[in-house]
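J.: Dropping the sequence and predicted coords here.
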Amino acid sequence: MSERPRLTVLSGPSGVGKSTVVAHMRKMHPEVWLSVSATTRHPRPGEKDGVQYHFVDNDQFDKLIANGELLEWAVFAGNRYGTPRQAVQDRLDRGEPVLLEIDLQGARQVRESMPEAQLVFLAPPSWDELVRRLTGRGTEPQHVIDQRLDAAKVELAAETEFDTTLVNTSVEQVAAELLALLGVV
Ligand SMILES: Nc1nc2c(ncn2[C@@H]2O[C@H](COP(=O)(O)OP(=O)(O)O)[C@@H](O)[C@H]2O)c(=O)[nH]1
Ligand SMILES: Nc1ncnc2c1ncn2[C@@H]1O[C@H](COP(=O)(O)OP(=O)(O)O)[C@@H](O)[C@H]1O
């Protein structure tokens, strides 16, 4: 039996390329399973309910918390995000790898509740490149970008809390490194 931790958390500042890396990895290995979070954030153009996120309103999110349905949750840049517990538990019970793409606060909660999880930090090649990517994505107005860059400073300062850091210079290379950490290749 593999000694590899079966739950992996991928965190990193907004705009570093988490979604891009995960999408690339799943294009090559569709069997990689990523938890779909619930969020009160509004969908971006092209985002579909149940695919990138379960988009819920504040009342629905309150109920998920009250019913103990979230493994962890956090407020990020004014919106709430949380990991549905059951789907993750079902996968782990079957011995299948689980990947969570969540923020620093969520990563810390997972570390507390599941010390065997491996925490992976995705870092930008430089601060200026992070700003370029977040701005260049064009999905947020400037005041939201500023909020996310404030959060990014806190997240970058917490890198040492993670087991592994991957620097996202090349999407292909980071995707390959992450696959190895997941034990897929
Ligand atoms: N704690 C927690 N954070 C999450 C969850 N889902 C997404 N996030 C994080 O919330 C932050 C904002 O996500 P999003 O609005 O999609 O922006 P993006 O990561 O810049 O594309 C990112 O750091 C995500 O990793 C979750 O279920 N729990
Ligand atoms: N290695 C990379 N080199 C250059 N641009 C990248 C790289 N990885 C991601 N990007 C670009 O950076 C922007 C933010 O990526 P995204 O995956 O949305 O970040 P996150 O999910 O971490 O918020 C996107 O426009 C994406 O195309």
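T.: It's in. Ligands and ions are numbered 1, 2, ... in the order given.
J.: Taking this structure, what residue is nearest to ligand 1?
T.: residue 106 (2.4 Å; Cβ to the nearest ligand atom). (Glycine included, C-beta is placed from N, CA and C.)
J.: Next, count neighbours for that residue.
T.: For residue 106, the neighbour count with other Cβ atoms under 10 Å is 23.
J.: Am I right that it is in a helix?
T.: Yes: under DSSP: H, G, I helix; E, B strand; the rest coil, residue 106 sits within a helix.
J.: near ligand 1, which residues of the protein show up?
T.: 14-15, 18-19, 37, 41, 72-74, 76, 81-83, 101-103, 105-106 (Cβ under 6 Å from any ligand atom).
J.: Pull out the buried members of those.
T.: Among the residues of the chain next to ligand 1, those buried by neighbour count (16 or more other Cβ atoms under 10 Å) are 14-15, 18, 37, 41, 72-74, 76, 81-83, 101-103, 105-106.
J.: List, one by one, the residues from the protein near ligand 2.
T.: 12, 14-20, 133, 136-137, 168-171.
J.: 8 Å - rerun?
T.: 12-23, 101, 122, 125, 129, 133-134, 136-139, 168-171, 174 (Cβ under 8 Å from any ligand atom).
J.: In PyMOL, how would I select the buried members of those residues?
T.: PyMOL command restricting those to the buried ones, with burial defined by 16+ other Cβ under 10 Å:
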select buried, resi 12+13+14+15+16+17+18+20+21+22+101+122+129+133+134+168+174
